[in-house]
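J.: After the sequence you'll find the predicted model.
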Amino acid sequence: MTQPAITIEGVAKTFRINKERNNTLKSALLRRGRSGHTEFQALKGIDLDIPQGSTFALVGDNGSGKSTLLKCLARILVPDAGTITRHGRIAAMLEVGSGFHPELSGRDNVYLNGSILGMSRREVDAKFDQIVDFSGVEDFIDQPVKNYSSGMYVRLGFSVAIHTEPEIMLVDEILAVGDASFQDKCAQKFAEFRRDGRTVVVVSHSLPQLREMADHAAYLDHGELRAHGAAEVVLEQYADAARTNIRTDENGRVRWGTGEALVERVEILGPHGPVGEEGLRSGERTTLRIHYSARSPIPDPNLGITLDTAEGENLWACFSRDQGARLEALEGRGHVDITIPALPLQRGLYRVHAGIVGTGADDVVDFVRDIAWLHVGHGTGLDSGGPVAMSGQWQAPAPARAQAPQQAQEPVQEGTQS
């Protein structure tokens, strides 16, 4: 079994927060032995293994302990209790401009920051052009970094850090400062790290970004470890915790929203009506019928359907407003249909989630997970692997007609044969 890149055992960290400030000697003497501070427990006995070669996300609300844990991993902070075992060279990008001197040029700071991260001058010399090229600040490399924007700071600092070739990379929220093209570069670099068996530990509040890049995750809440494991599961747990009015209904399904209207059920119809035990066929016309009940009118509603694999991997999400469909206000009981002309799924079971959103994108009236299962009993039989059944036509280019070389003709001898 491969050893973890980092093993965290019983790690705890407490900070003192001053409640009163001694502005004068008199106030200090009058208070004497009375405590002027409170204690804030940032980490509470964290036990966690970070797998080698993973892109590991740390998620949680502000104050949950994510950045404190990252600083403990980077040896910037020392835990009050517990141990952290690291296997490999660590590089950390935790704050904008960390390790930079504002009066020095970008060029000088590359060498300064590289030495702080453990690179020799010869190593920096060899990688200098790559560092500057990746950062995209070549036009300003000889300018003092105090004149750099925060994005330029991040790009140059991150570029130095990744070119130390660490076995373990620690990255805080600072990547949000970079522009979209730089974030794409970083994502590609993280993918390269994973292929090389290196480990990335990243803190971010951008769940879409983490869903794209992370394969493992841990969820912290008020200094406690709430969940850890596969990223798609942990990130969904964190997202659920952040939603308001989340609850489990009488059927054991997770749902959330204000509740003025409810999705009662989703009916799955094939080309000839309700689907039997045999299920649907790939390529069939399929209708998902959302039955609802509204206690009060919902004007300009936005209804949505999401399909996941049985394992929870998202395949498709479709909302009526995004498709240009303007629905009448929902009142009382009724249903709304969405029809898929040719179901592009292979044989298997698929999770169906459904929801109703109000006028604003964040006005969730009701969203219920696993409200139905879509059963495809007959696949195409032509494709192998994966849940999607896409049609395609193979066509080879016509072979080029090669012109046959002309054969040399025998000289014709005139005369008669005797």
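T.: Great, that's in hand.
J.: Identify the residues contacting Ala241.
T.: The contact partners of Ala241, by C-beta atoms under 8 Å, 6 or more residues apart in numbering, come to Tyr219, Asp221, Arg226. Any C-beta I mention is one placed from the backbone N, CA and C, and that applies to glycine too.
J.: Any buried residues in the strand or helix carrying Leu288, and which?
T.: Using DSSP states H and E, Leu288 falls within strand 286-298. Within strand 286-298, the residues that count as buried by 16 or more other C-beta atoms under 10 Å are Thr286, Leu288, Arg289, Ile290, His291, Tyr292, Ala294, Ile298.
J.: ok, and what's touching that strand?
T.: 259-270, 280, 303, 305, 329-340, 343, 352, 354, 356, 358, 365, 374.
J.: what lines up beside it in the sheet?
T.: strand 261-270 (antiparallel), strand 330-340 (antiparallel) (DSSP bridges).
J.: CA atoms only for that strand, dumped as CSV, please.
T.: C-alpha atoms of strand 286-298 as CSV (Å, rounded to 0.1, in the frame of the first residue of the first chain):
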residue,chain,number,x,y,z
THR,A,286,-38.2,10.1,-23.5
THR,A,287,-40.3,12.6,-21.4
LEU,A,288,-39.6,13.5,-17.8
ARG,A,289,-42.9,14.8,-16.3
ILE,A,290,-42.5,17.0,-13.2
HIS,A,291,-45.6,16.9,-11.0
TYR,A,292,-45.8,19.9,-8.6
SER,A,293,-48.1,21.4,-6.0
ALA,A,294,-48.0,25.1,-5.2
ARG,A,295,-49.4,26.5,-2.0
SER,A,296,-49.0,30.0,-3.4
PRO,A,297,-48.5,31.3,-6.9
ILE,A,298,-44.9,31.1,-8.2
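J.: ok, back up a step: Ala92: which of the strands paired with strand 286-298 is closest?
T.: strand 261-270 (45.5 Å; C-beta to C-beta).
J.: ok, the next helix or strand after that closest one: who's next to it in the sheet?
T.: Using DSSP H and E, the next helix or strand after strand 261-270 towards the C-terminus is strand 273-274. Strand pairing for strand 273-274, using DSSP bridges, gives strand 261-270 (antiparallel).
J.: Name the residues of the strand it pairs with that come out as buried.
T.: For strand 261-270, a neighbour-count test (16+ other C-beta under 10 Å) marks Ala261, Leu262, Val263, Glu264, Val266, Ile268, Leu269, Gly270 as buried.
J.: go on, stretch 188-206?
T.: Quick answer for stretch 188-206 (16+ other C-beta under 10 Å): Lys189, Phe190, Phe193, Arg194, Arg198, Thr199, Val200, Val201, Val202, Val203, Ser204, Ser206.
J.: Any chance of those residues in a markdown table with distance to Phe56 and secondary structure as columns?
T.: Converted to a markdown table, those look like this (distance: C-beta to C-beta, whole Å; DSSP: H, G, I helix; E, B strand; the rest coil):
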| residue | distance to Phe56 | secondary structure |
| --- | --- | --- |
| Lys189 | 16 | helix |
| Phe190 | 11 | helix |
| Phe193 | 11 | helix |
| Arg194 | 11 | helix |
| Arg198 | 11 | coil |
| Thr199 | 7 | strand |
| Val200 | 7 | strand |
| Val201 | 5 | strand |
| Val202 | 7 | strand |
| Val203 | 10 | strand |
| Ser204 | 12 | coil |
| Ser206 | 15 | coil |
